[in-house]
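Novice: I need the structure of the sequence given here:
(one chain, ligands or ions: 1)
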Amino acid sequence: MEDPSSKNILRSSALLQYIFETSAYPKEHEQLKQLREATIQKYEKMSVMNVAVDEAQFLSILLKVMNAKKTIEIGVFTGYSLLATALALPPDGKITAIDVDRKSYEIGLPFIQKAGVDHKIHFIQSDALSALQHLVDDKQEGSFDYAFVDADKDKFIKYHELLLKLVKKGGIIAYDNTLWFGTVALSESEGSGIEDVVWQRRKPAIEFNNYITNDTRVESTLLSIGDGVTLCRCL
Ligand SMILES: C[S@@+](CC[C@H](N)C(=O)[O-])C[C@H]1O[C@@H](n2cnc3c(N)ncnc32)[C@H](O)[C@@H]1O
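Specialist: Numbering: from 1, shown residues only. Below you'll find the predicted structure:
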């Protein structure tokens with residue numbers, strides 16, 4: 001890996017800079033920019049948790065093409081992907097946004113409010129598995145158009161099983177970080193020099209990718225944007 005501190009899968013920093021400076025940043029919504037900058041100021045290195053700007057723009061176009069109205073977000077942090085989703089949904093769109101941590105969400109909330117889309121968000125402070133199970137118990141099966149999953153990677157398979165109940169046929173489930181800093185392509189012996197916290201999560205990412213490849217209930221593709229995004233279309 002050339003730059004383990006970079007969560008973007010594109011290994012040419014010149015090309016990455018080109019994409020960001022000529023395409024992504026010029027079209028970034030002002031409140032997304034301010035939220036991103038506030039996150040960097042508050043969280044410094046941890047701000048890498050926000051999804052990449054070009055990835056958010058791609059998902060935003062996808063949501064509009066789909067005419068998505070009712071969505072789920074698992075893993076909010078300061079809300080970069082959440083605000084991008086809220087901006088992409090129609091005025092009566094609704095996002096059920098789940099995170100165990102409310103404090104980070106509150107850092108991003110003023111920018112979501114300034115963008116005028118906070119009315120679309122129902123934030124639930126909870127462990128995602130129990131919140132999803134609650135939606136199933138609440139008879140919301142098959143009612144969501146789209147889900148974006150960006151929380152604890154070792155639970156992706158469990159999230160997938162619950163989301164298959166909640167997202168309608170033809171709907172999309174998007175999973176973030178499925179190339180996990182590029183480590184999924186490395187062998188067991190190539191981990192030296194990679195931070196423990198990164199290396200430990202490589203295995204669940206590989207297991208999840210294999211699980212999706214063998215899952216005949218979804219059509220899927222693994223995109224090399226951001227840190228890798230897997231799109232599943234529910235059949
Ligand atoms: C990578 S960040 C999400 C970044 C966000 N999508 C963005 O673009 O800013 C992951 C988030 O998942 C949350 N999280 C981790 N485990 C969770 C769980 N079991 N249930 C709910 N949220 C969880 C963390 O609190 C953290 O805010």
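Novice: every contact and neighbour count from this point should use C-alpha atoms.
Specialist: Fine.
Novice: A84: what secondary structure?
Specialist: Following DSSP: H, G, I helix; E, B strand; the rest coil, A84 is assigned to helix.
Novice: and it, how many neighbours does it have?
Specialist: By the criterion of other Cα atoms under 10 Å, A84 has 24 neighbours.
Novice: from what I can see it touches L32, true?
Specialist: Yes: the criterion here is Cα atoms under 8 Å, and A84 meets it with L32 at 7.2 Å.
Novice: looking at the protein, which strand is longest?
Specialist: Longest strand in the chain, counting residues (DSSP state E): strand 167-176.
Novice: what segments of this protein are strands?
Specialist: Using DSSP E, strands in the chain cover 70-74, 94-99, 121-125, 144-149, 167-176, 218-223, 229-234.
Novice: ok, which of those comes nearest the ligand?
Specialist: strand 94-99 (3.6 Å; Cα to the nearest ligand atom).
Novice: from the ligand, how far out is the residue of the chain most remote from its centre?
Specialist: Of all residues in the chain, S189 has its C-alpha farthest from the mean position, at 29.2 Å, by Cα atoms, centre = their mean. S189 sits 27 Å away from the ligand, going by Cα to the nearest ligand atom, to the nearest Å.
Novice: same thing with A52?
Specialist: 8 Å.
Novice: what comes into contact with the lowest-mean-pLDDT helix or strand in the chain?
Specialist: In the chain, no helix or strand scores lower on mean pLDDT, DSSP states H and E than helix 196-200, which sits at a mean of 91. Helix 196-200 is contacted from outside by W180, F181, T183, G191, using Cα atoms under 8 Å, 6 or more residues apart in numbering.
Novice: export that helix to CSV, keeping only CA atoms.
Specialist: These are the backbone C-alpha positions of helix 196-200, laid out as CSV (Å, rounded to 0.1, in the frame of the first residue of the first chain):
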residue,chain,number,x,y,z
ASP,A,196,-3.4,-3.2,13.7
VAL,A,197,-6.8,-1.6,13.8
VAL,A,198,-6.8,-1.6,10.0
TRP,A,199,-5.4,-5.1,9.6
GLN,A,200,-7.8,-6.7,12.1
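Novice: and it with the ligand, contact?
Specialist: No: using Cα under 6 Å from any ligand atom, helix 196-200 stays clear of the ligand, with a minimum separation of 12.7 Å.
Novice: give the contact list for L87.
Specialist: L87 makes contact with S60, A115, V117 under the criterion Cα under 8 Å, 6+ apart.
Novice: got it, and K27?
Specialist: Under the criterion of Cα under 8 Å, 6+ apart, K27 has no neighbours.
Novice: check the one 4 residues further on too.
Specialist: Residues in contact with Q31, defined by Cα under 8 Å, 6+ apart, are F111, I112, K114, A115.
Novice: can you list the residues you listed in CSV and add neighbour count?
Specialist: Shown next, in CSV, are the contacts of Q31 (neighbours: other Cα atoms under 10 Å):
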residue, neighbour count
F111, 24
I112, 26
K114, 11
A115, 16
